[in-house]
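*Asks:* coords please:
(chains A and B)
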Amino acid sequence: QKEVEQDPGPLSVPEGAIVSLNCTYSNSAFQYFMWYRQYSRKGPELLMYTYSSGNKEDGRFTAQVDKSSKYISLFIRDSQPSDSATYLCAMSHNAGGTSYGKLTFGQGTILTVHP
Amino acid sequence: DGGITQSPKYLFRKEGQNVTLSCEQNLNHDAMYWYRQDPGQGLRLIYYSQIVNDFQKGDIAEGYSVSREKKESFPLTVTSAQKNPTAFYLCASTKGAYGYTFGSGTRLTVV
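*Replies:* All right, here's what the predicted structure looks like:
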């Protein structure tokens, strides 16, 4: 079983829809949770990050972390065609030493928002 | 502007050949990472380095080698021992526990 599971999709939605992307994980030591967006043939870019449980909002994007369920989500409101990309969840723990900063990624979800 | 530069963008390797992928950063980040990305598999960690002259194996280090002689540079060599090297390779750097900055990647193809 992978440490981080993410539904690869693909997910296709009409413009203006609310998109929900999710990841589950098995390692309870994870403390930092991130979402990256990756356009085709480009490197991923950091979209959102949260520490421990809770919600974080940034414009049309909301990240949620539920550590009790080992479940994180990214919501995109009023989705736009420019949101079409692969979305990767990523996590790390604060163990220090050689593990510090090491991220574990989900498989990525391919999202297409059509006009 | 600060960032990570990966070169070349596209690389073709013949059977039995070693090739080296370049990664340079001017962000003054201590830690650098190499990931491999295959369709439907997300990013898998090859090697990482937290300080100069020190590096650690990741989850799929076999067939790869790295060096970290300067803080700014972390080149990756794909050796002939790597039997399935065709993939998209990403270099990243970070100062802390999150917030990687990624390069724009090198696409390696075996011909």
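*Asks:* Could you check how many residues crowd around B:E69?
*Replies:* By other Cβ atoms under 10 Å in any protein chain shown, 10 other residues sit near B:E69. Bear in mind the C-beta positions are built from the backbone N, C-alpha and C, glycine included.
*Asks:* What separation do you get for it and B:N53?
*Replies:* As judged by Cβ to Cβ, to the nearest Å, B:E69 and B:N53 stand 7 Å apart.
*Asks:* Enumerate every residue touching the residue of chain A found nearest chain B.
*Replies:* Chain A approaches chain B most closely through A:G43 (3.4 Å), counting by Cβ to the nearest Cβ. Taking Cβ atoms under 8 Å, 6 or more residues apart in numbering or on different chains as the contact definition, A:G43 lies against B:4, B:6, B:90, B:92, B:102-105.
*Asks:* among the residues you listed, which ones are buried?
*Replies:* Buried members of the contacts of A:G43, scored by 16 or more other Cβ atoms under 10 Å in any protein chain shown, are B:4, B:6, B:90, B:92, B:102-103, B:105.
*Asks:* just checking, A:P44 touches B:L90?
*Replies:* Yes. Judged on Cβ atoms under 8 Å, A:P44 makes contact with B:L90 at a distance of 7.4 Å.
*Asks:* Mind listing the shared neighbours of these two?
*Replies:* Shared contacts of A:P44 and B:L90 (Cβ under 8 Å, 6+ apart): B:43, B:102.
*Asks:* how about B:T86, what does it touch?
*Replies:* Under the criterion of Cβ under 8 Å, 6+ apart, the neighbours of B:T86 are B:108-110.
*Asks:* again, but for B:R44
*Replies:* Shown in contact with B:R44 (Cβ under 8 Å, 6+ apart): A:105, B:35-38, B:58-60.
*Asks:* and if you look at B:P8?
*Replies:* B:P8 makes contacts with B:21-22, B:106, as judged by Cβ under 8 Å, 6+ apart.
*Asks:* Look up how far A:M91 lies from it.
*Replies:* Applying Cβ to Cβ, the value for B:P8 to A:M91 is 31 Å.
*Asks:* now swap in A:Y32 and tell me
*Replies:* The value you get for A:Y32 to A:M91, if Cβ to Cβ is used, is 7 Å.
*Asks:* And A:L74, by the same measure?
*Replies:* Applying Cβ to Cβ, the value for A:L74 to A:M91 is 13 Å.
*Asks:* Quick check: beta-bridge partners of the nearest residue to B:R13 once chain neighbours are set aside?
*Replies:* Take B:R13 and drop its neighbours on the chain: the residue closest to it by Cβ to Cβ, 6 or more residues apart in numbering or on different chains is B:V19, 4.8 Å away. B:V19 has these beta-bridge partners by DSSP bridges: B:V78.
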